[in-house]
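**Q** 3D model of this:
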Amino acid sequence: MKTIDLVVPCYNEEEGLEYFVLETNKVIYSLPEYTFRYILVNDGSHDKTYLVMKKLANEFQNIKYISFSRNFGKEAAMYAGLQHTTADYVIVMDADLQHPPAIFPQLIEAVDKEGYDCCATKRADREGESAFRGLFSKLFFKLSNKLTDVKNPYGAMDYRIMTRQMVDAILELSEVQRFSKGIFTWVGFNTKWVSFKTIDRQHGKTTWKFSSLLKYAIDGITCFSVAPLRFTAVMGGIIFLISLIYIIITLIQTLFFGITTPGYVTTLCAVLFLGGITEMSIGILGEYIGRIYMEAKDRPIYITKHSNFEDENNEEKEF
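**A** Residues are numbered from 1 along each chain as shown. Here you go, the predicted structure:
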């Protein structure tokens, strides 16, 4: 009998976590030919998510949990869950039921029967989302696919099933600043994409703000592309050529028509334009230097405070 681990990052999911497990169990029980295990990862929640995890682990033998010492982010939570998997297949999903367990059979069939290494999901629609946020999301996917060497379809999500081989390949990429959508694609392997219609969150409220999504988008591009650095180099070359042409024109005017009084507006515009380009270039360069700085520290991706895995105790451990 083949085994499947469910990696579920949780952040402030006190209200809906138990409901998530009960609803997911309905699907699991309909697939008796597979053995399922939950790996719930508490990403430093501020509510009682950890206590709910412990309660569920006492009620169901197939529930394991990891609780971080603080909030390290969803990317770290997914990595921690993947590190603790041992199953033939691994499903990564959220705990808010917006990643519906009902499509488990479709995901499993793709890897177990059709021979794919991964079956990933993408949103069929963006109902309930503001027009601005939808436009921003579409722009991100277009820019990411154009500027990086990892290509994801519009609406791609983390919700997916992967083979043991693919999970092991992902775990070899141990960078601290992670962008899993890019990593899942970068490692390669044969992936099937399926669409599903999202549903409204049943309990609690989303913790994703626009500022978080913007940072996530920047991470997605800078983690897999140096195009912004090349852009600044190209802009520098263009500005140099324009400046050279302007200098030549000024010299010719001076030689043939004499010295004229320079225009205040022209000078001001030139200074502001060049100053803006310089600041932007420094900012882009600083973004990459900051990433080098964080990776050079070699800090752990996460720190575990509590876990009910047999090879761990209640002392804090670093990974």
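
**Q** please name every helix or strand in contact with whichever strand or helix holds Phe104.
**A** Applying DSSP states H and E as the criterion places Phe104 in helix 104-112. Packing partners of helix 104-112 (3 or more CB pairs under 8 Å, 6 or more residues apart in numbering; DSSP states H and E): helix 17-29, strand 89-92, strand 118-123, strand 156-163, strand 191-196. Yep, even glycine has a C-beta here, placed from its N, CA and C like the rest.

**Q** quick one: strands adjacent to the third one?
**A** The one in question is strand 118-123. For strand 118-123, the paired strands and their directions (DSSP bridges) read strand 156-163 (antiparallel), strand 191-196 (parallel).

**Q** quick one: Pro85 from Val41, how far?
**A** One correction, residue 85 is Thr, not Pro. Distance, Thr85 to Val41, using CB to CB, to the nearest Å: 11 Å.

**Q** and what of Phe104?
**A** Taking CB to CB, one finds Phe104 at 19 Å from Val41.

**Q** the two: which is more packed in?
**A** Comparing Phe104 with Val41 by other CB atoms under 10 Å, the one with more neighbours is Val41, at 30 against 21.

**Q** wait, that one touches Lys64, no?
**A** No - using CB atoms under 8 Å, Val41 is not in contact with Lys64, being 9.6 Å away.

**Q** give me the mean pLDDT for the helix holding Phe104.
**A** Helix 104-112 carries an average pLDDT of 92.

**Q** just how off-centre is that helix within its chain?
**A** Distance of helix 104-112 from its chain centroid, counting by CA atoms, centre = their mean, to the nearest Å, is 23 Å.

**Q** pLDDT of the strand or helix carrying Leu82, averaged?
**A** If you go by DSSP H and E, Leu82 is part of helix 74-83. Helix 74-83 shows an average pLDDT of 91 in the prediction.

**Q** other SSEs contacting that helix?
**A** strand 2-10, strand 34-42, strand 63-68, strand 89-92, helix 164-171, helix 180-186.

**Q** quick check: Phe189 vs Ala110, distance?
**A** 12 Å.

**Q** also Tyr159?
**A** For Tyr159, the distance to Ala110 - CB to CB - is 13 Å.

**Q** how about the contacts made by Glu23?
**A** 97, 101 (CB atoms under 8 Å, 6 or more residues apart in numbering).

**Q** nope, Ile161 is what I was after
**A** 4, 89-91, 107-108, 110-111, 118-119.

**Q** burial check on the nearest residue to it once chain neighbours are set aside, number of neighbours?
**A** Among residues not flanking Ile161 along the chain, Leu107 sits closest, at 4.3 Å (CB to CB, 6 or more residues apart in numbering). With neighbours defined by other CB under 10 Å, the count for Leu107 comes to 26.

**Q** wait, Leu107 sits on Cys119?
**A** Yes - here Leu107 reaches Cys119: they are 4.6 Å apart, a contact under CB under 8 Å.

**Q** find residues that contact each of these two.
**A** In contact with both Leu107 and Cys119: 160-161, 194, using CB under 8 Å, 6+ apart.

**Q** list just the nearest of those residues to Phe273.
**A** Arg160 (45.2 Å; CB to CB).

**Q** what lies in contact with stretch 164-182?
**A** 75-76, 78-79, 82-83, 85, 87-90, 92, 117-118, 144, 148, 150, 152, 156, 158, 162, 183-184, 186-189, 216, 219-220, 223-224, 291, 294-295, 297, 299, 301.

**Q** among those, which ones are buried?
**A** Among those, the ones that count as buried by 16 or more other CB atoms under 10 Å are 75-76, 78-79, 82-83, 85, 87-90, 92, 117-118, 144, 148, 150, 152, 156, 158, 162, 183-184, 186-187, 216, 219-220, 223-224, 291, 301.

**Q** which one of the helices and strands packed on helix 104-112 is the most hemmed in?
**A** The highest mean neighbour count among the helices and strands packed on helix 104-112, using mean count of other CB atoms under 10 Å, belongs to strand 89-92: a mean of 25.
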